[in-house]
Structures are given as C-alpha cells and as structure tokens.
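Q: Next comes the sequence, and after it the predicted model I'd like to discuss.
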Amino acid sequence: MLELQSATLAYNSIVAVDSINLEIKPGEHVCLIGPSGCGKTSLLGLMNGRLESSSGKVVLDGKELKSLSGRALKTARSKIAWIPQDLGLVPNLRVNQNIACGRASEKGFLGLMRSLLLMGSREKEEVADLLKRVGIKEKIFHRVDHLSGGQQQRVAIARALYQRPEMILADEPVSSVDPERAKSLVELLIGLAREEGQTLVMSLHDIDLAKRYFDRVIGLREGQVVMDGAPDQIDLEQLYDLS
Amino acid sequence: MLLFFAGLWVIGAKPSELVPNEGGRETASEFLKAAIRPALDFEDPEMRESEVDFIHKLGRALWLTLRYAVAAMSLALLIGIIWGVLGSRAWWSKSSLFLQTIRIGSRLMATAVRSVHELMWALLFLSAVGTSPLAAVLAMALPYGGTLAKVFSELLDESESSAAGVIRMSGGSGLAAFSAGVVTRALPDLATYALYRLECAIRSSAVLGFVGVPTLGYEIKTAYEDGHYREIWTYLYILLAVVIFFEWWGARMRSLLTKGVSSIKPEVKQPNVDHLWKSRGTSLFLRSSFLIVLIGGTMSWLLEDRWGSGVSWEQKLQNLDRFTDEVVPYPVREADGDWSEFGPWFGEKMAKGGSEAVWQTFHLGTASILLAGALALLAVNLSARTLASSMPRGVWDRGMAWRSVIGAMLRVAAMLGRAMPEFILAFLLLRVFGPTVWALILALVVHNCGILLRLGAEVIDNITSRASSVILAQGGSRTSAYVGALVPAGFNRMVLFLFYRWESCIREATVLGMLGVASLGFLISDAKVSLFYDEMVLWVALGAALVFLGDLTSDFVRYKLRGKNNR
C-alpha cells in the first residue's frame, strides 16, 4: 500500500504538490486528472521516490521512501514500474533490449548487459509472450525508432509489465495519440493490470476515459486534491471544469 | 572584415607575395606537371638498382602510417572513454560540490591535454627519449584521447534521457542506468565520432613523418628534398585515397548506426521467435566493420616487434634525466632551482619575440578561418544538393544543369581539400610561394574550407522550412532563396561550425611555423635545433595556453549559440 501523508513538493517558491494526503490500496486503478501544471507529474514523481518531498511522508508498504537507501531503496523501487510521458525508451535499441531494461534491478549490471548483448532463448520466449499480450509480438527484434507511436507505447507498457511490479505509475501515456488509439491503450493497460492484480495509477486528460475505466478518480488543481472518489460518486461538472 | 585585414597586417601577409617569383613559378610548373605522371618506380636510376623497390617502400610507409594511427586511436579511445565518462554530467547523478569539481576538473584537463598539438607532443617525446614508434603513438594518443574525452562527455550529456531514469526508478543501479540508458543511446554518435578521429589520426600519422617518424610524411619530405616530384604525387595520391576511403567508411557506418537496418517479413505466416530472430535487420557491413576495427586495433600493437628506440633502458633514463633537467629554465638551473629567476627570464623571452609570435599565431589562425568561412558561405550556395538539383527545394526549375555540374565539382574539391593535411599542404605551398605566410594561410584555408563547405551544405540541406520553396515558386532565383531564407535559418549552426573550426585553426597555426615562417612554431623549431629545451617547452606551453583559451572561447560561443544548457 502507498500512502502520502501531508506530502509537499516545492521548487523554490513554486509549490507543485501542496500537503496531499492519499492512500492507494493494492489492486486499485486510480486516475489522476487535472489541467496542465496542476501537479500530476510531480505527484507521480513523489510516489516512486523519483522526487523527494519537501515535507511530509511517502510511505510504501509501511516504509518511508525517504529513509531508504542502497539495496532497500532499490527493492522498494523494483515494486513500482514507471511509464514516463515520453515513454523512456532507447530509440536505437531493439524492442527486446528495451524490455529487458525492466528487470535491471533483478538482473544486476552484468545480467542486464548480457541480456542486451546476447539474450538467451528462454528470455526471448518470455519477452515474445509478453509482446503477444500487448499485440506486437512480431516487432520483438525491431528497432524502437522503426515503430509507430502507438507501437512504442505498447513497448513501454510491456517493459513495465516485465518488471513484475506491484504498482504501475503511468504519466499521461496516451497524450500524443488519437482518441480511438488512446481508448484501446488504456483498455489494454487496465486489462493487463487487472489480470496481474497490479495497482495502476495513471494521469490523464480525457475525462471520458477516466470515468469509463477507473475505480477511482482523483482531481487535482494547483497541487491540491479537489476531488477523490469513484467516477459515479463525484461531481461531473466539477470534473469537466478540471480538464 | 576588419579583423581579417588587421590579421593580415599583423602577420605581414602582403598581397604582392601571392604571386610566386620566377623560381617558384618554375617549381610549381614542374610540380604540377608531375601530378599527371605519378611515379611507380624510383625516379633516381641508382635507387632502381638497389635491393628495395619503390612499391615496397610506398607500402611500408603506408603500413606504418596506418598502424601508428590505429594503435594511437586504440589507446586514445581507452583514455577518451574513461576521461569522457568522468567528465560527463550524466555519470555523476548526484550534484555535490566535490563531484562537480571532479567533473569540471576532468573536462579542463582533457582540454589542456588536447591543447598541445600532436606534433608538439612528438617533439617533446622524441627530445626526451629519442625516436621510437612508441613515442609517435603516444604523441598522437594523448591529444586525441583528450579530444575524444571532451566530445564523448558532451555526447553522453546530450543523450541523457528519461530512459536512464526509468531504469534507475525500477531499482537498477546507477551503472546499469548509465550503460543501458545513456551509453547505448549515444553509441551511434560515439562510434562515428571515433571513426572520424581515426581519419584525422591517419593524417596526423602522415604529418609526424616531418619530425622523423618513418610514415608517408617522411617520404614526402625526403622526396621533395631530392627533387623527386613524381614520387611525391604517388605518396599524396595514396594518402588522399586512404583518407577518402575512411571518410566514406565513417559516413556509411554513421548512416547504418543512426538509421538502423529494417527487419524483413518472416517467410512463415505464424512466425515463432526463431523465425522473427532470423528476419531481424542486420548489416554484414556493420558487423565486419566492428570485427575489422577490433582486429586492426589489436594487430597494430602486436605486429610491432620493436616499440622502443633500440636504445638501452639506462641510456633512455639518462636521456630523460637530461631532458627533465634541461627543461627547467636556464637562470633557474643556474641559481640552484631558485624560481624567482623565472619571471625576468620569461619577461625577456616574451619581449624578444615571444609575445609577437603568440599574436601572429592567433591572427594566422583567425584570418585563415575568416577567409575559409567567407569562401564556404559563397560556395555552399552552389554545392548544397538541395539547391544544385533540377528540383531545388522541391520546386521544378528547368535549364540549370550547369549548377549540378558545378555543385558536384565543388563537393569533390571540398573532399580533396579536407583530406589533405594542412601541414603537408603548407610544406608544398612554401616551395611555390617562397617563405611567405600566405603559404600557411592558403593551406589552412583549403583544408578548413573543405570541411566548412561540407558542414554548411549539410546545414542547408537539412533545413525543413518551406520559406525557400516559396521564394523559388514565386520566381525567385536559387541565390535569392539561399540568401533570403536558407542562410538566416541555418545561420546559428553555421557560426557554430565556424567557431569549432576556429579553435582547430588556432591549434594548427601553432605548429605551421615549424616550416620556417615567423610564429610560435618557428620559435619551437628554432629552440629544438639549438637544443634549448627550456625555451622549447616555454613556447609549447604558450601555444597550448593560446589553444586552451581559444577552446574555452569557442565552447562558450557555441554554448550560447545552441541556446541550451549542455554543460
């Protein structure tokens, strides 16, 4: 379980996250929604410890992230997969090599290098199965920069799943695709997370997607939570005001 | 313009000296006539009777030129990788003051090492331990290592992206994130830059012949002294062919590494992993190239049976001891190591020609790059492929076939110009023009214009804005489109390249004086001949300081022009 206790993140005089209290339960599918600059990316950054809170606590499974270091921090991070807005793929590597990076923590440096240079047949099969689930198995040995934007998003999702995380944090992963493709990608990610029993926190702009697919919607404005609840329990007008 | 003419005045370049005297014209005529009949055998009949044949001699000089260049580059690569990583911001994920000091210190040291030209390093090593293949290789490996380190750290910083962040956030180590997220992304640029430096190393290896290393430069120098012009052309043609081949190789590698090779469609309808693996995009050219580089790098070290100078270790240590003793300024030595004597000695040396030589060297490099830049700016209009074609910038234009021909000719001339080492060109031009600084200026202009012409044409060809097409579609000429739309759009990048070459020109200008024209190189050469090692080291250090300042200025201007924080 992930908890934020009065978590605040400030850059000089700008407060990106303003004393937020949240609790994300295992298996929950949460959508963060709000206008640009409302603090969605910063909030996700606090959740995986990428950003350090200026005050307050971020607690993962009973341990405060800020107090962890070394192996303990790496173990905590390995439980959370992150899909950044620009997907964080290496364009000149092949799809299978990018996906192998998902298990960097488990493999260690030498293991990861071995996977990048000479991936074993068992691992190739495992990656191929995963890619089959995201619908691009035939692209397993293609260079990422030879794929379309939608296919690259699927690679990023596959890499997150390959990590075998307990929680996936996705930062506007469908911001640059057309509505139809966005719908199918969100559907895919939600479906896969559900199959694996993984927690999913995704930031989105599209309210219809948020209402349709998520258990819980958190509305943000100027770094503060302005609404939090199941889609059928929240004020729709207020929600549209946020988009 | 003012700086250019002021520069010409400072270095004493009189327009009248641009016309060779009668003797020079005769030499030039004989030399040019020999170009169409390169020698396939010794010109000297007596030599034809000897046991060694010309082709064997040529082959050996070429072999040594290549081997020393490859050995130096393999060592430089090692230095460049280690130093480049230490100087890269992407490596030091935490930004404490201590780590920042190490990073900036590494970068400054790399810049300082590359500030001393390889010919200067060679002079220092040869003076210290005598002529040996190892001295030649080290002389190239040090400045090349510094250059690679500087560029590698910049490339690594530019490649930092969220990919490394994703690996770190998934629990991967800093080393794993740096290797898989940063180095892999930068790899195409790192590899192609290293290949470009290999091409430069071949030119440098040839030039080292002028200080006694038995490479192509040595053969060119001795053939000239014997008046065997046809032999010189054979050596020049071989050198140009090799350099052009390496340029082609580098360009092909770059294209393959950056664009990649597309996978083919598997032959079966329901492919399994094996089928998909077999249909992945691969390049035999890339694989063989890496193999050749690996084997070449190893063999360049293993095939030399005598890396030393053949002098005993005792003798070498004695030489080194004498050299280290004699590099201490004479008055300091006389005063039993009292360094307070250094100031007056330094002041005297600077007053008796030192400061003038520094000033002349600076203006030699600056005036040359200004002229090269101006010529390139004019010629790019004719040589850029997107302007020279029958569909300039995608707009149909009839009856300008001559532009395609001129464009192709200019591109060939630029290729030959950049393939020719400035030092060798200056050596040959001095024989035509006599002892005038114009020979050095022209050598620098020809080489740098060749480089700027190519870079400038690439800038123009890569501009995607349609403004130039609009001018052409409205009936404007290609020159109007170039001046009115393309130059303004690519101006920043062109100036960026001009500063990059200015720094190289200053570096080259410090050694060209060794050919006998007043500047720092001349003082270095003079001190070496007189065995005044303290003076020699002083002039080398001054030259390095000048290049170091030029390098920092160029870095600063380029950083401003890029308009982003990449340090």
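A: Right, received. Where do you want to start? Numbering: from 1, shown residues only, chains lettered A, B, ... in the order given.

Q: Tell me if residue A:231 really is in a strand.
A: No. Secondary structure assignment (DSSP: H, G, I helix; E, B strand; the rest coil) places residue A:231 in coil, not in a strand.

Q: Can you report phi and psi for it?
A: Comment: the main-chain dihedrals of residue A:231 come out as phi -50, psi -30, following degrees, to the nearest 10.

Q: got the contact list for stretch A:205-219?
A: By Cβ atoms under 8 Å, 6 or more residues apart in numbering or on different chains, the surrounding residues in contact with stretch A:205-219 are A:22, A:28-34, A:172, A:174-175, A:179, A:182-183, A:186-187, A:190, A:202, A:204, A:225-231, A:234, A:236, A:238-240, A:242-243. For every residue, glycine as well, the C-beta is placed using N, CA and C.

Q: So among these, which ones count as buried?
A: When the contacts of stretch A:205-219 are checked for burial by 16 or more other Cβ atoms under 10 Å in any protein chain shown, the buried set is A:22, A:28-34, A:172, A:174, A:182-183, A:186, A:190, A:202, A:204, A:225-228, A:231, A:234, A:239, A:242.

Q: So which of these are in strands?
A: With strands identified by DSSP state E, the entries of those that belong to them are A:22, A:29, A:30, A:31, A:32, A:33, A:202, A:204, A:225, A:226, A:227, A:228.

Q: so the first one touches residue A:6, yeah?
A: By that I understand residue A:22. No. Here residue A:22 lies out of contact with residue A:6, judged by Cβ atoms under 8 Å, at a distance of 10.3 Å.

Q: Mean pLDDT per helix and strand in chain A: which one sits at the bottom?
A: Comparing every helix and strand of chain A by mean pLDDT, DSSP states H and E singles out helix A:236-242 as the least confident one, with a mean of 67.

Q: Pull out the buried positions in the helix or strand that contains residue B:557.
A: Assigned by DSSP states H and E, residue B:557 belongs to helix B:533-562. For helix B:533-562, the buried set under the neighbour-count rule, 16+ other Cβ under 10 Å, comprises B:533-540, B:542-544, B:546-548, B:550-551, B:554-555, B:557-558, B:561.

Q: Return the mean pLDDT over it, rounded to an integer.
A: Here helix B:533-562 scores 86 as its mean pLDDT.

Q: Residue B:253: helix or strand, and which one exactly?
A: According to DSSP H and E, residue B:253 maps onto helix B:229-259.

Q: do that helix and chain A meet?
A: Yes. Residues of helix B:229-259 are located near chain A by Cβ under 8 Å from any Cβ of the partner chain, namely B:257, B:258.

Q: That helix - contacts with which helices or strands?
A: helix B:22-35, helix B:54-86, helix B:184-207, helix B:216-225, helix B:284-302, helix B:401-419, helix B:422-433 (3 or more Cβ pairs under 8 Å, 6 or more residues apart in numbering or on different chains; DSSP states H and E).

Q: okay, those in TSV with mean neighbour count and distance to residue B:147 next?
A: What follows is those, written out as TSV (neighbours: other Cβ atoms under 10 Å in any protein chain shown; distance: least, Cβ to Cβ, whole Å):
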stretch	mean neighbour count	distance to residue B:147
helix B:22-35	14	33
helix B:54-86	21	8
helix B:184-207	23	7
helix B:216-225	20	20
helix B:284-302	13	18
helix B:401-419	17	17
helix B:422-433	22	16
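
Q: Could you name the stretch from the ones you listed that's closest to residue B:338?
A: In terms of Cβ to Cβ, the element of the helices and strands packed on helix B:229-259 nearest to residue B:338 is helix B:54-86, at 35.9 Å.

Q: where does residue B:20 fall, phi/psi-wise?
A: Here is the backbone geometry of residue B:20 (degrees, to the nearest 10): phi -60, psi 150.

Q: Assess the claim that it and residue B:436 are in contact.
A: No. Here residue B:20 lies out of contact with residue B:436, judged by Cβ under 8 Å, at a distance of 9.2 Å.

Q: For the helix or strand of chain B with the lowest mean pLDDT, output the C-alpha coordinates as PDB.
A: Ranking every helix and strand in chain B by mean pLDDT, DSSP H and E puts helix B:2-10 at the bottom, with a mean of 76. Coordinates of the C-alpha atoms in helix B:2-10 are reproduced here as PDB (Å, rounded to 0.1, in the frame of the first residue of the first chain):
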ATOM      1  CA  LEU B   2      38.200  44.400 -40.100                       C
ATOM      2  CA  LEU B   3      39.600  41.500 -38.000                       C
ATOM      3  CA  PHE B   4      40.600  39.700 -41.200                       C
ATOM      4  CA  PHE B   5      42.600  42.700 -42.700                       C
ATOM      5  CA  ALA B   6      44.000  43.600 -39.300                       C
ATOM      6  CA  GLY B   7      45.200  39.900 -39.000                       C
ATOM      7  CA  LEU B   8      46.800  40.000 -42.500                       C
ATOM      8  CA  TRP B   9      48.600  43.200 -41.400                       C
ATOM      9  CA  VAL B  10      49.900  41.700 -38.100                       C
END
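
Q: Just the terminal-to-terminal distance for stretch B:154-173.
A: Chord length of stretch B:154-173, first to last residue, is 22 Å (Cα to Cα, to the nearest Å).

Q: Break chain B down into its domains, please.
A: Segmentation of chain B into domains, based on automatic domain parsing, reads B:2-27+B:350-562, B:45-261+B:285-304.

Q: Any idea which of these gets closest to residue A:67?
A: Comparison of the domains of chain B against residue A:67 by Cβ to Cβ identifies domain B:45-261+B:285-304 as nearest, at 16.7 Å.

Q: that older thread, chain center to the least confident helix or strand of chain B, what's the gap?
A: Between the mean C-alpha point of helix B:2-10 and the mean C-alpha point of its chain there is a distance of 25 Å (Cα atoms, centre = their mean, to the nearest Å).

Q: what does it rub up against?
A: By Cβ under 8 Å, 6+ apart, the surrounding residues in contact with helix B:2-10 are B:359, B:360, B:363, B:364, B:366, B:367, B:370, B:371.

Q: ok, the most centrally placed residue in chain B - contacts?
A: Geometric centre of chain B, nearest residue: residue B:200, 4.7 Å, by Cα atoms, centre = their mean. The contact partners of residue B:200, by Cβ under 8 Å, 6+ apart, come to residue B:144.

Q: Chain A - how does it break down into domains?
A: A:2-79+A:165-242, A:92-151.

Q: Let me see the mean pLDDT of the last one.
A: Meaning domain A:92-151. 94.

Q: Endpoint to endpoint, that domain covers what distance?
A: 15 Å.

Q: which parts of the stretch 51-200 of chain B sit against chain A?
A: For the stretch 51-200 of chain B, the residues found near chain A under the criterion Cβ under 8 Å from any Cβ are B:161-163, B:165-173, B:175-177, B:179-181, B:184-185, B:187-188.

Q: Restricted to strands, list those residues.
A: Nothing among these maps onto strands, per DSSP E.

Q: so residue B:48 sits right up against residue B:42, yeah?
A: Yes. Contact criterion Cβ under 8 Å: residue B:48 and residue B:42 qualify, at 5.1 Å.

Q: Cheers, nothing more for now.
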